[in-house]
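Novice: Quick one, fold the following:
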Amino acid sequence: MVKQKNYTKIYLLLASITGGGLLSLSWPLRGFPLLSLISLVPFLWILDYIENHRTDFVGGAVFRYTYLGFLLWNAATSYWIWYATAVGSIFVILVNAALMSFSLQLAFNLKKWLGSKSKIGIIYIILWLCFEYLHFNWELSWPWLSLGNVFATMPAIVQWYEFTGILGGTLWIWLVNIFIYYIILSIYNKQLKERVFYIYLIILFFLLAIPLTYSLFRYNNINLKNSDEVNVLVLQPNLDPYKEEFTISPQENITRIKNLIDEINAEKVDFFLAPESNIQEGIWENNFDDSYSINEIKKILKEKYPNALYITGASTYKIFEDGESLTSTARYNKYHDFYFDAYNSVLFIDTSGVVGIYHKIKLVAGVEQMPYKKIIKPIEKLAINLGGTTGSLGKDSVPYVHPHYKANIGVAICYESVFGEFISDFVKRGANVLFVITNDGWWGNTAGHRQHFSYASLRAIETRREIARSANTGISCVINKRGDVLKSTNYWEKTAFLTTMSLWNDETIYTKHGDYIGRIAVFSLCLIILIDIIKLIIKKIH
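Specialist: This is a model prediction of the structure:
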């Protein structure tokens, strides 16, 4: 008996590894996304087996036997964080895998408490959706491995993300996996002639056919041309983040930018797009006129492009005036006796100077902010230094859309482009074209920068906006409204390109309602628990 139990544990661990392996092999940019439609089957078997043999397991069995698979998936797809921070990568991989397993363990416990008799309770889907939704909305956010991201390299089959966002993809993956598992169980139990087997087959057929048919039809019939167009010159200066960026002089950096612009020698440019933190000097917002870089950019525009807008990333600082309310991120300069905030910013520059500024909102935990700062203020200085400004940064309260006579522009900074609902907020505020500026060189030539690049296609589908992306070391690109990459650069290449982008003003269902699937999941979970509590109270009363 003991020997059989040991074999069972081995089978469960092998199933976990198989599930983690399938998820890893499905992930962008070089994986096979359709593998995700069977990747949860091994985990479903683990859940089912433990539930049917409860007496053979002590508490926490679901966590223990799923953790290895989720750890494998996280490590195989997020290892590249190591290149920026060893401690951070270990933390992200271990904790995110633990959160995944914990969500299933919690669902298992709730299913037991609620007395659900279904083979695989809907509670597992609800808890997983709650877990992913949490990752969009708390200060330890890490939505990188949301299941719906897996189809980033196959935009033709997820055109329906314009209704659901990536959480719809997560829901789809779970449902398909569950019914495939049901079918496998029916075959194993020799129920091929029973009606339930054919019901599973029919449900699976429609689960696959309806979204895929719609996607292919929409992909091939969507209007991609618009008479309202803008010319965008995308710059990729290729500053080595470890050797050049934040160390070369502002003069040398501006010379590099001038050379790239001169190489293209475009007759007409509406917008120049430079990457995150490209300005190589700290900019004091109280006095933009003191900046060498800003003054030189104004000269470039005046000489040949007087009607153009130059958009660039910068590290900026704002001094608090006497009597002005301090933010929770305010810092004190003891040498000059003033308080100030530091920001990861986008500057909008024309011939008159800075005409708009946006401060990054979705800050990277442990790099740009210490999560729950008020609680752990004493260890704020442990924020990882990736050049530029460290410690907890200030941020805007809402996304900024810059009004220009040619277009309304929304610009996301780096990590922000992973958040679908956040990007849709730019569109709700009037943006008819979207830009992303980033610096992915910290991770080297790994899957990290390729995944980040591919996720932008999903934002284009969700919002039905064209997206231009300027990445310091690559991959810079332009993406149309159905998620196709129309033009892209090589990694680690100093280059620039001119592109024409169409402007669009319609709003998708997802743009209007955001991650409503996540909110429904949270509401459903609360409602299920509340109803059961009420039942228990009524039972005790009677």
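
Novice: residues in contact with F288?
Specialist: Contact analysis of F288 by CB atoms under 8 Å, 6 or more residues apart in numbering lists I294, G353, V354. C-betas here are computed from N, CA, C, even on glycine.

Novice: Determine the set of other helices and strands touching the helix or strand where V346 lies.
Specialist: Taking DSSP states H and E as the criterion, V346 maps to strand 338-350. Contacting strand 338-350 under the criterion 3 or more CB pairs under 8 Å, 6 or more residues apart in numbering; DSSP states H and E are the following elements: helix 292-304, strand 309-319, strand 331-333, strand 353-359, strand 408-413.

Novice: least reliable of these going by mean pLDDT?
Specialist: Among the helices and strands packed on strand 338-350, strand 331-333 carries the lowest mean pLDDT, at a mean of 95.

Novice: Identify the residues contacting it?
Specialist: F338, Y339, F340, D341, A342, G391.

Novice: Please identify the buried residues of it?
Specialist: R331 (16 or more other CB atoms under 10 Å).

Novice: Kindly report the same for stretch 56-70.
Specialist: F57, A61, V62, F63, R64, Y65, T66, Y67, L68, G69, F70.

Novice: for stretch 264-284, same thing?
Specialist: Across stretch 264-284, burial judged by 16+ other CB under 10 Å covers 266, 269-281, 283.

Novice: where exactly do the helices run in the stretch 101-250 of the chain?
Specialist: With DSSP state H, counting those that start in this stretch, the ranges of helices along the stretch 101-250 of the chain come out as 122-137, 161-164, 166-188, 195-221, 250-264.

Novice: where does the protein dip in pLDDT?
Specialist: 1-5, 116-120, 373-391 (pLDDT under 70).

Novice: per-domain residue ranges of it.
Specialist: Using automatic domain parsing, the domain ranges for the chain come out as 2-221+515-541, 231-507.

Novice: just those domains: most buried one?
Specialist: For the domains of the chain, the largest average neighbour count (mean count of other CB atoms under 10 Å) is found in domain 231-507, namely a mean of 19.

Novice: which ones are touching Y65?
Specialist: Y65 touches K9, L12, L13, A15, S16, I46, I50, counting by CB under 8 Å, 6+ apart.

Novice: could I get the residues you listed as TSV with secondary structure?
Specialist: Formatted as TSV, the contacts of Y65 follow (DSSP: H, G, I helix; E, B strand; the rest coil):
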residue	secondary structure
K9	helix
L12	helix
L13	helix
A15	helix
S16	helix
I46	helix
I50	helix
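
Novice: Format the residues you listed as a markdown table; extra columns: distance to L29.
Specialist: Output for those, formatted as a markdown table (distance: CB to CB, whole Å):
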| residue | distance to L29 |
| --- | --- |
| K9 | 35 |
| L12 | 31 |
| L13 | 29 |
| A15 | 27 |
| S16 | 25 |
| I46 | 29 |
| I50 | 35 |
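
Novice: Identify, from the residues you listed, the entry nearest to T495.
Specialist: Nearest to T495, judged by CB to CB, of the contacts of Y65 is S16 at 44.0 Å.

Novice: Identify the residue nearest that closest one in space, chain neighbours excluded?
Specialist: G69 (3.5 Å; CB to CB, 6 or more residues apart in numbering).

Novice: Kindly list the main-chain dihedrals of that neighbour?
Specialist: Dihedral pair for G69: phi -70, psi -40, per degrees, to the nearest 10.

Novice: thinking it is in contact with G19, fair?
Specialist: Yes: at 4.4 Å, G69 and G19 qualify as touching, with contact defined as CB atoms under 8 Å.

Novice: For the residue lying closest to S215 once chain neighbours are set aside, give me its contacts.
Specialist: Leaving aside its sequence neighbours, S215 sits nearest to Q159 (CB to CB, 6+ apart; 4.1 Å). Listed by CB under 8 Å, 6+ apart, the contact set of Q159 reads Y214, S215, L216, R218, Y219, I222, I461, R482, G483.

Novice: N490 now?
Specialist: Remark: with contacts taken as CB under 8 Å, 6+ apart, N490 is in contact with G474, I475.

Novice: That one looks like it's in a strand, true?
Specialist: No: counting by three-state DSSP, N490 falls outside a strand, being coil.

Novice: Pull up the gap between it and N445, please.
Specialist: From N490 across to N445, the span is 10 Å (CB to CB, to the nearest Å).

Novice: The nearest residue to G441 once chain neighbours are set aside: what secondary structure?
Specialist: Nearest residue to G441, sequence neighbours excluded (CB to CB, 6+ apart): T473, at 3.7 Å. Secondary structure, three-state DSSP: T473 is coil.

Novice: Cool, thanks, talk later.
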